[in-house]
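Asks: attaching a predicted model along with its sequence, questions to come.
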Amino acid sequence: MITRRQRILLFASREQLKMLLGADTILMDRTFSTCPTFPCIFGLLPNRLKTTYHFMFQELKSIATQMQLNFTPKSIMSDFEPALITIIAAEFVGATHSSCYFHFTQAVYRAIQRVGLSTSYNNDNDIKHSCRKVMALALLSEPIIEDTYDELLATMPIEIKHTLNDLLQYFQGQWFVKVPISQWCAHGFSMRTNNNAEAFHSRFNRRVQITHPNMWSFIKFLQGKENRFHHLRIQFYAGLGARPKQAKTIAIQRRIGNLGQRYYDGVISAMEYLDGLSYTVAKRKK
């Protein structure tokens, strides 16, 4: 599909369009390892403006009408791009829109680097633990996040709070003011994160081989991806579901679930709940 007015190119077969436009859950920009996923559309957009995203969704809705389908997903997961968040809310009013925990922790870690805390984070366990508590806030249920954050600040040692001052200022401005809590709260979602995302894009870039490939090599690559989609689709409908979760992933999810149950049973406090969750925050590879 090519549209001259917005210089947008969308690549998809009819089978891919049918799967996307009829799906209850769509995952934008990334792939997720916790459910059977299929790359349905590859889009080349000239920018990240609201008008561009709006036009793209309108085109997809128009195609859905032509195919006698209703493009009305119930759940949408994306990253935290402001323009995309705004347009998704406007275009899919009845859908639940959330952003993945992976992107949330990545954003906080980039802020740690930006405010000059990388050395302290890597070498001071108390600083690292406090930072991970901040990251773990997204795993709490939405109603208790803000109060637990306030309690975290109230109980944080003065010297640590002073060291983390710039990070905490960023966190409050970004995640309590600019982005609503409902957008980044990952509590209760079976798909909290997309650790498989980076692997997918790494494979994508490796196979395309160069940063700006010519259009013909790019199209050839996409044809290969469509062929793989076709085979995956056949396997899925034959009863072969998602690949099994790794033992480590299962253990982390079980730990998160157990901590939540203990909190709701009144066995542990909100701060103990947060402290336990902080140990589930993924360690960065060196």
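Replies: Arrived safely, thanks for sending. Residues are numbered from 1 along each chain as shown.
Asks: from now on I want contacts and neighbour counts done on CA atoms only, so please keep to that.
Replies: Will do.
Asks: need the helices for the stretch 151-286 of the chain, in chain order.
Replies: 158-163, 165-173, 181-184, 196-208, 215-237, 247-264, 270-278 (DSSP state H, counting those that start in this stretch).
Asks: just name the most buried of those.
Replies: Ranked by mean neighbour count under mean count of other Cα atoms under 10 Å, the helices of the stretch 151-286 of the chain are led by helix 270-278, which reaches a mean of 21.
Asks: helices of the stretch 1-150 of the chain, residue ranges please.
Replies: Going by DSSP H, counting those that start in this stretch, the stretch 1-150 of the chain shows helices at 14-21, 50-66, 82-91, 101-114, 118-123, 125-136, 142-155.
Asks: between those, which one is nearest to Leu44?
Replies: Of all those, it is helix 50-66 that lies closest to Leu44, at 10.3 Å by Cα to Cα.
Asks: what about the closest one, distance to the chain center?
Replies: Chain-centre distance of helix 50-66: 22 Å, with Cα atoms, centre = their mean, to the nearest Å.
Asks: list the buried residues of that helix.
Replies: 50, 52-57, 60-61, 63-64 (16 or more other Cα atoms under 10 Å).
Asks: from these, pick the one nearest Ser182.
Replies: Lys50 (21.0 Å).
Asks: I'd like to know which helix or strand in this structure has the lowest mean pLDDT.
Replies: For the chain, the helix or strand with the lowest mean confidence is helix 196-208, at a mean of 48 (criterion: mean pLDDT, DSSP states H and E).
Asks: ok now stretch 39-49, how far from the chain's centre?
Replies: Counting by Cα atoms, centre = their mean, stretch 39-49 comes out at 17 Å from the chain centroid.
Asks: buried residues in it, which are they?
Replies: 39-41.
Asks: okay, the residues you listed in TSV with pLDDT and distance to Thr280 next?
Replies: Shown next, in TSV, are these (pLDDT from 0 to 100; distance: Cα to Cα, whole Å):
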residue	pLDDT	distance to Thr280
Pro39	77	29
Cys40	81	32
Ile41	83	33
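Asks: let me have those in a markdown table, extended by distance to Phe104.
Replies: Compiled in a markdown table, the buried residues of stretch 39-49 are given as follows (distance: Cα to Cα, whole Å):
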| residue | distance to Phe104 |
| --- | --- |
| Pro39 | 23 |
| Cys40 | 25 |
| Ile41 | 24 |
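Asks: just the pLDDT at Glu142, thanks.
Replies: pLDDT for Glu142: 96.
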